[in-house]
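Asker: fold the following and give me the result.
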Amino acid sequence: EETALLESLEGKRGNPRIKPPFPAVKGVWNCPTVVNNVETLATIVPVIEMGGEEYAKIGIGKSTGTKLISACGNINKPGVYEIELKISVEEFLYSDEYCGGIANGKKLKACIPGGSSVPILPANLLLKTAKGEQRLMTYESLSDGGFATGSMLGSGGFIVYDEDQCIVRNTMTLARFYHHESCGQCSPCREGTGWLEKILHNIEYGKGKMSDIDLLWSVQSHIEGNTICPLGDAAAWPVAAAIRHFRDEFEWHIENPREAQSRNFGLSHYADPLEIMAQESSTQR
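Answerer: The predicted model follows:
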């Protein structure tokens, strides 16, 4: 968070500032300050070399230029890839030029397409939108449908889950991270992130109750939009999306606490989108 960085530069505790005033008006040592990330600065060179008009022709729609995508998880070729903002999610995930498909011949279960703070998408909403359109690696396409059926490109952290991954356990890990990262300045974030981690821990380790799912939803909804910096939203969104798309997995964990310790929920009704697309193509023929 940029204002927390400025506080740290001034030798203070890294707490976000209330805005306005924004850093461009009153930043480090009360002077106007511009804070950029490295990827933004790296883009300056091709813009100067090519010219802004030519550079803007790369990509599609409002998503122009290229973006660095850090792909990890259950894929054959994890790494950092620079992509044009127009290729399809299917191409990025399954082509040998990029991720190379799901590792060990497993099936795709879900993906977090833009870093740990953005909503998770189940397999059946990753390659296609809810309207049946091809999902592209662009800001507009990945957010199509809002948080109900879409997500965000965000920071470009592309995290892939195969059929053996446990959504409850992974969501708990994210909640633990954001609880640890909370500076504690805002009560909704300070208290809420701790409760998210605690409730998810109970569900994961066989102590959960059905009412905990609704409690999780209530806690995250009271964090979102009620903090000085976006870390509160970042903690709430993954939990909300996990419940929205994988509620039956949470329920299974609670109903089968012992079994949940020895095996994962699996795919259930989350069909492989490539199989769905192949079936649709054969039907159209």
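
Asker: list the contacts of residue 240.
Answerer: Neighbour list for residue 240: 119, 147, 217, 220, 221, 224 [criterion: C-beta atoms under 8 Å, 6 or more residues apart in numbering]. For the C-beta atoms, the positions are set from N, CA and C on the backbone; glycine is no exception.

Asker: quick check: the fifth one vs residue 235, distance?
Answerer: When C-beta to C-beta, to the nearest Å is applied, the distance between residue 221 and residue 235 equals 12 Å.

Asker: more neighbours: those two, which one.
Answerer: residue 235 (29 against 14; other C-beta atoms under 10 Å).

Asker: tell me which element that one falls in.
Answerer: For residue 235, the host element (DSSP states H and E) is helix 231-255.

Asker: got the contact list for residue 205?
Answerer: Counted by C-beta under 8 Å, 6+ apart, residue 205 has contacts 257, 261.

Asker: a helix runs through residue 68, doesn't it?
Answerer: No. Using DSSP: H, G, I helix; E, B strand; the rest coil, the assignment for residue 68 is strand, not a helix.

Asker: tell me the confidence at it?
Answerer: The model reports residue 68 with a pLDDT of 95.

Asker: OK, contacts around it?
Answerer: Neighbouring residues of residue 68 by C-beta under 8 Å, 6+ apart: 39, 80, 81, 82, 156.

Asker: which ones are touching the fourth one?
Answerer: Remark: with contacts taken as C-beta under 8 Å, 6+ apart, residue 82 is in contact with 66, 67, 68, 69.

Asker: again, but for the third one
Answerer: Residue 81 makes contact with 68, 69, 71, 92, 98, 99, according to C-beta under 8 Å, 6+ apart.

Asker: for those residues, give me CSV that also has distance to residue 199.
Answerer: Output for the contacts of residue 81, formatted as CSV (distance: C-beta to C-beta, whole Å):
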residue, distance to residue 199
68, 35
69, 32
71, 30
92, 34
98, 36
99, 33
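
Asker: closest one of those to residue 173?
Answerer: Using C-beta to C-beta, the shortest approach to residue 173 within the contacts of residue 81 belongs to residue 71, at 18.4 Å.

Asker: and the nearest residue to that closest one once chain neighbours are set aside, how far from residue 89?
Answerer: Closest residue to residue 71 apart from its sequence neighbours, by C-beta to C-beta, 6 or more residues apart in numbering: residue 158 at 4.3 Å. In this view, residue 158 and residue 89 are 9 Å apart by C-beta to C-beta.

Asker: who touches both of these two?
Answerer: Here residue 158 and residue 89 share the contacting residues residue 113, scored by C-beta under 8 Å, 6+ apart.

Asker: where do the strands sit along the stretch 1-150 of the chain?
Answerer: Taking DSSP state E, counting those that start in this stretch to define them, one finds strands in the stretch 1-150 of the chain at 59-60, 63-64, 66-73, 79-84, 108-112, 121-122.

Asker: the bottom helix or strand of this structure by mean pLDDT?
Answerer: helix 273-284 (a mean of 56; mean pLDDT, DSSP states H and E).

Asker: where are the low-confidence patches of the protein?
Answerer: Residue ranges of the chain with pLDDT under 70: 266-285.

Asker: point to the residue nearest the middle of it.
Answerer: Taking C-alpha atoms, centre = their mean, the centroid of the chain lies closest to residue 118, which sits 2.9 Å from it.

Asker: go ahead and confirm that one touches residue 150.
Answerer: No. Residue 118 is beyond contact range of residue 150, at 9.7 Å (criterion: C-beta atoms under 8 Å).

Asker: can you list the domains in this protein?
Answerer: Taking automatic domain parsing as the criterion, the chain consists of the domains 1-35, 59-162, 167-262.

Asker: nearest to residue 45, out of the ones you listed?
Answerer: Using C-beta to C-beta, the nearest of the domains of the chain to residue 45 is domain 59-162, at 11.9 Å.

Asker: and the end-to-end length of the closest one?
Answerer: 29 Å (C-alpha to C-alpha, to the nearest Å).

Asker: return the set of buried residues in stretch 170-181.
Answerer: Under the neighbour-count criterion of 16 or more other C-beta atoms under 10 Å, stretch 170-181 has 170, 171, 172, 174, 175, 176, 177, 178, 179 buried.
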